[in-house]
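K.L.:
Predicted model follows, preceded by the sequence.
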Amino acid sequence: MADEIESRERELKRRLEKIQSLEKEVQEKEKALKIKEKAKKQILLRLAPALWEELAAWAEEDYRSINGQIEYLLAECVRKRKKSPTL
């Protein structure tokens, strides 16, 4: 009877270690995904001087950098596009 209990305890400990290992692996993958999601892509964007000035003024009104304003506007356009039905 004692041998069965010890055997069962060893099996449960082994399973617990495996679960803990899997949990750690999942946490590491989640952390890597969060880092990847936060990473930003760089692009070269050429704008007409008049458009640049308009965006700069708009960004200042909204207390954003020009880059932040462009990113905000693009994100808004993408959100609106996802909401609107396709033609």
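P.N.:
Received, thanks.
K.L.:
now the residue nearest to the spatial centre of the chain: how far from Lys31?
P.N.:
Relative to the mean C-alpha position of the chain, the nearest C-alpha, by C-alpha atoms, centre = their mean, is the one of Glu37, at 3.0 Å. With distances taken as C-beta to C-beta, to the nearest Å, Glu37 is found 11 Å from Lys31. Where C-beta positions appear, they are placed from N, C-alpha and C, glycine not excepted.
K.L.:
Check Ile43 too.
P.N.:
Going from Ile43 to Lys31 by C-beta to C-beta gives 27 Å.
K.L.:
These two - which one has more neighbours?
P.N.:
Neighbours per residue (other C-beta atoms under 10 Å) separate Ile43 from Lys31, with Lys31 holding more: 10 against 6.
K.L.:
element containing that one?
P.N.:
When secondary structure is defined using DSSP states H and E, the element that contains Lys31 is helix 2-38.
K.L.:
Flag every buried residue along that helix.
P.N.:
With burial defined by 16 or more other C-beta atoms under 10 Å, not one residue of helix 2-38 is counted as buried.
K.L.:
Look at Ile66 and report its pLDDT.
P.N.:
The pLDDT attached to Ile66 in the predicted structure is 94.
K.L.:
Excluding chain neighbours, what is closest to it?
P.N.:
Once its chain neighbours are removed from consideration, Ile66 has its nearest residue in Ala59; the separation is 4.9 Å (C-beta to C-beta, 6 or more residues apart in numbering).
K.L.:
Run through the neighbouring helices and strands of the helix or strand harbouring that neighbour.
P.N.:
Following DSSP H and E, one finds Ala59 within helix 49-61. With contacts defined as 3 or more C-beta pairs under 8 Å, 6 or more residues apart in numbering; DSSP states H and E, the packing partners of helix 49-61 are helix 66-83.
K.L.:
what does the helix it packs on contact?
P.N.:
If you take C-beta atoms under 8 Å, 6 or more residues apart in numbering as the criterion, helix 66-83 is touched by Leu45, Trp52, Leu55, Ala56, Trp58, Ala59, Asp62, Arg64.
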